[in-house]
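>>> Quick one, structure for this:
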Amino acid sequence: MSILTHPFNTKYDTAPFAQIKLEDYKPAFIENIATAKAEIDTITNNSEAPTFENTIAALDFSGNRLDRLSSIFFNLNSAETCEEMQKIAQEVSPILTEFSNDITLNTALFKRVKAVYEQKENLNLSPEQATLLDKKFKNFSRNGALLSEDKKIKLREIDTELAKLKLTFGENVLAETNNYQLHITSEEDLKGLPEGAIEAAKSLAKNKDLEGWIFTLDFPSYIPFVTYADNRELRKTIAIAAGKKAFQNNEFDNQEITLKIAKLRYERANLLGYETHAHFVLEERMAQNPDKVKSFLNDLLAKAKPAAEREFAQLTAFAKDLDGIDHLEKWDGAYYSEKLKHKLFNLDDEKLKPYFQLENVLNGAFTIAGELYGLTFTEIFDIDKYHEEVTTYEVKDELGELVAIFYADFFPRKGKRNGAWMTSYKSQCIKNGVNERPHISNVCNFTKPTETKPSLLTFNEVTTLFHEFGHGLHGMLANTTYPSLSGTSVYWDFVELPSQVMENWCYEPEALALFAKHYQTGEIIPQEYVEKIKESASFQEGMATLRQLSFGLLDMAFHSNNPSAITDIKAFEKTIFENTSLYPDVAENCMSVSFSHIFAGGYSSGYYSYKWAEVLDADAFAYFQEKGIFNKEVATKFKENVLSKGGTEHPMTLYKRFRGQEPSPDALLKRAGLL
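Numbers count the residues shown, from 1 in each chain. From the prediction side, this is the model:
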């Protein structure tokens, strides 16, 4: 009897990580799918007429065990994987896809859903129920329920292949990240590098029984190297290595996989009656269609490009004056930007890092969530965790009621993919009168503590922590009836609002005073540094905007056209980047093949969302600034109309209820210094 097929007998119903063995997963998936199928059969074979409760609500609450198991397994496959786990993922993924297709292509079930949908005007539904009904109906109609039998078979084949390809894409990127190391044996080659980066590299080498220093493609190792190392050739070496992940014509090459994914998505969209994958995806987004997205991106591009070109010219002149560099290359960007920033603002990450000890920053995020939303976070030690580095917290409200369980996992490991993300191990919902509280996780890759120093964050890492914590709050404060509408289950171009708005507090003196304290002396960050942080907030914002836009436009290029004409991914990408690139192209590098957001994650036709949500977040934070950044009234409005509502109503309806008006792009342009 597997622990994964029965209710967990654990505190707060938390995942029993310590009791799970790898060999438990596959049998548990098969058993939980059988249970979920039986629940679906009960709905389908119900002799009573279809109603909202016996069909739509019942469908949403079905498969709960399977959902829990999937969240545990796939979250760990991102944060704590191994070859055996990846093998299981490849085996269970097609089985899950088949089950998902079994539901959406179930004619009898769709008939019941359709029957309820057709009488929706007479059902007196709440806004949340109306949204759920609409979503369930569209989930069938948009995913093949109306297709002929032969086309349904074709759809199943495409979905199964896509599921496997996305997994392989991510596995290849992780393997390429893990397979590279820059081994330095001469102290001369470390010139310019901060002491902390050198110490971390030394300890990495020691762990591998090597003399000298080792730098890897994990961000806490890679970023300091390309930002500070004086040795230009070595910067070039590691930068090219980072840019050619999965583009080396070896067993981990993603070129063919990338093209296959793009083509299969296009074929799938056509099969379902849509012009392209982007048309299919965007129908259920605030942006609505590819034309609107492209005009949004191009409009921002027109505003950002002149600023980006000015900034690049300034950087080029600076590098020429400083070191006689005639042509800036990609591996020069971070290095000279950091030096220029220091010259202009007398500010650099090394000056700031002592004030951003990880534990203090995390406690700062907790304190701010307390000020705004009345939450308290208490570390607990009596629930399982999947790795010793994870810390676990009880989150409670002002009445002492449990709001959520929070897992924090902050350091790079071999089994963890690069980047930062929020996820959930248990969704919130209200079932049988009980408000089931969510279990939320933030996963990041920050610099580990060394023998002499705690984990000290760069300012960029501080904003990353706040960003993911913003997603976390969206999950923690969820308060909806139905699981599929809860927390971050919102339109994809709305999901970045809670995360991006949270970053704003990192720039505010009142907020920084709560957590930016020197790790040795306890001294609060000097006011002049705070002013410089604010002053430098829009430093090279034009270039940063151009970079984000280039990714959004690349995503749209793959997904809003017929990709069958693409034969050479590198050549295709180069054409798309022509209008946004400032640095010369690097022949050995290709970004698409490691662009996990769109080819392994959920951002296909959705990468523009980061910029889209920035318009919302700049506008929302302007409201906080107007009333006070800890204003209870504004915070409560944001909590009640955005954070707790999940996907229960259209995002613009929720946003206007919070803000009283639609967002204006001017707030973003003003903040970015692009007006």
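>>> secondary structure element for Asn9?
Per DSSP states H and E: Asn9 is located in neither a helix nor a strand.
>>> actually Ala28, not the one I typed
Per DSSP H and E: helix 22-44 holds Ala28.
>>> in that helix, what's buried?
24-25, 28-29, 31-33, 36-37, 39-40, 43-44 (16 or more other CB atoms under 10 Å). Yep, even glycine has a C-beta here, placed from its N, CA and C like the rest.
>>> Reformat those residues into JSON lines and put pLDDT and distance to Thr545 next to each item.
Output for the buried residues of helix 22-44, formatted as JSON lines (pLDDT from 0 to 100; distance: CB to CB, whole Å):
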{"residue": "Asp24", "pLDDT": "96", "distance to Thr545": "47"}
{"residue": "Tyr25", "pLDDT": "98", "distance to Thr545": "43"}
{"residue": "Ala28", "pLDDT": "98", "distance to Thr545": "46"}
{"residue": "Phe29", "pLDDT": "98", "distance to Thr545": "43"}
{"residue": "Glu31", "pLDDT": "98", "distance to Thr545": "50"}
{"residue": "Asn32", "pLDDT": "98", "distance to Thr545": "45"}
{"residue": "Ile33", "pLDDT": "98", "distance to Thr545": "45"}
{"residue": "Ala36", "pLDDT": "98", "distance to Thr545": "44"}
{"residue": "Lys37", "pLDDT": "98", "distance to Thr545": "48"}
{"residue": "Glu39", "pLDDT": "98", "distance to Thr545": "48"}
{"residue": "Ile40", "pLDDT": "98", "distance to Thr545": "47"}
{"residue": "Ile43", "pLDDT": "98", "distance to Thr545": "48"}
{"residue": "Thr44", "pLDDT": "98", "distance to Thr545": "50"}
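>>> who touches the closest residue to Gln129 other than its chain neighbours in this structure?
Closest residue to Gln129 apart from its sequence neighbours, by CB to CB, 6 or more residues apart in numbering: Phe52 at 6.2 Å. Applying CB atoms under 8 Å, 6 or more residues apart in numbering to Phe52 gives the contacts 116, 123, 125, 129, 133.
>>> where does the stretch 1-150 of the chain have low pLDDT?
1 (pLDDT under 70).
>>> That one: helices as residue ranges?
For the stretch 1-150 of the chain, the helices defined by DSSP state H, counting those that start in this stretch cover 22-44, 58-61, 64-79, 83-104, 107-118, 127-141, 149-179.
>>> Tell me which stretches of the protein form strands.
182-184, 213-215, 376-380, 391-396, 402-409, 421-426, 429-431, 434-436, 439-443 (DSSP state E).
>>> Measure how the fourth one sits relative to strand 439-443, angle-wise.
Same thing as strand 391-396. For strand 391-396 against strand 439-443, the angle by axes from the mean of the first three to the mean of the last three CA atoms, to 10 degrees is 140 degrees.
>>> picking up where we left off before, reformat the buried residues of helix 22-44 as JSON lines; add distance to Phe624.
Formatted as JSON lines, the buried residues of helix 22-44 follow (distance: CB to CB, whole Å):
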{"residue": "Asp24", "distance to Phe624": "47"}
{"residue": "Tyr25", "distance to Phe624": "44"}
{"residue": "Ala28", "distance to Phe624": "45"}
{"residue": "Phe29", "distance to Phe624": "44"}
{"residue": "Glu31", "distance to Phe624": "48"}
{"residue": "Asn32", "distance to Phe624": "43"}
{"residue": "Ile33", "distance to Phe624": "46"}
{"residue": "Ala36", "distance to Phe624": "43"}
{"residue": "Lys37", "distance to Phe624": "48"}
{"residue": "Glu39", "distance to Phe624": "44"}
{"residue": "Ile40", "distance to Phe624": "45"}
{"residue": "Ile43", "distance to Phe624": "45"}
{"residue": "Thr44", "distance to Phe624": "49"}
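>>> if we take these, which one ends up nearest to Asp585?
If you rank the buried residues of helix 22-44 by distance to Asp585 using CB to CB, Tyr25 comes first, at 43.2 Å.
>>> The closest one reaches Ile88, doesn't it?
Yes: using CB atoms under 8 Å, Tyr25 is in contact with Ile88, at 5.3 Å.
>>> list residues touching both of those two?
Contacts common to Tyr25 and Ile88, judged by CB under 8 Å, 6+ apart, are Phe73.
>>> picking that back up, pipe the helices of the stretch 1-150 of the chain into JSON lines and attach distance to Glu531 per row.
Shown next, in JSON lines, are the helices of the stretch 1-150 of the chain (distance: least, CB to CB, whole Å):
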{"stretch": "helix 22-44", "distance to Glu531": "52"}
{"stretch": "helix 58-61", "distance to Glu531": "50"}
{"stretch": "helix 64-79", "distance to Glu531": "38"}
{"stretch": "helix 83-104", "distance to Glu531": "48"}
{"stretch": "helix 107-118", "distance to Glu531": "57"}
{"stretch": "helix 127-141", "distance to Glu531": "45"}
{"stretch": "helix 149-179", "distance to Glu531": "38"}
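>>> highest average neighbour count across these?
Counting by mean count of other CB atoms under 10 Å, helix 64-79 has the highest mean neighbour count of the helices of the stretch 1-150 of the chain, with a mean of 20.
>>> Packing partners of it?
helix 22-44, helix 83-104, strand 421-426, strand 439-443 (3 or more CB pairs under 8 Å, 6 or more residues apart in numbering; DSSP states H and E).
>>> need the contact list for the spatially most central residue of the chain.
When CA atoms, centre = their mean is applied to the chain, the residue found nearest the centroid is Trp421 (4.5 Å). Neighbouring residues of Trp421 by CB under 8 Å, 6+ apart: 78, 442-443, 468, 471.
>>> and which of those is nearest Lys303?
Taking these together and measuring to Lys303 by CB to CB, the closest member is His471, at 27.5 Å.
>>> what's the spacing between that closest one and Asn360?
The gap separating His471 from Asn360 is 21 Å, by CB to CB, to the nearest Å.
>>> This completes my enquiry, with thanks.
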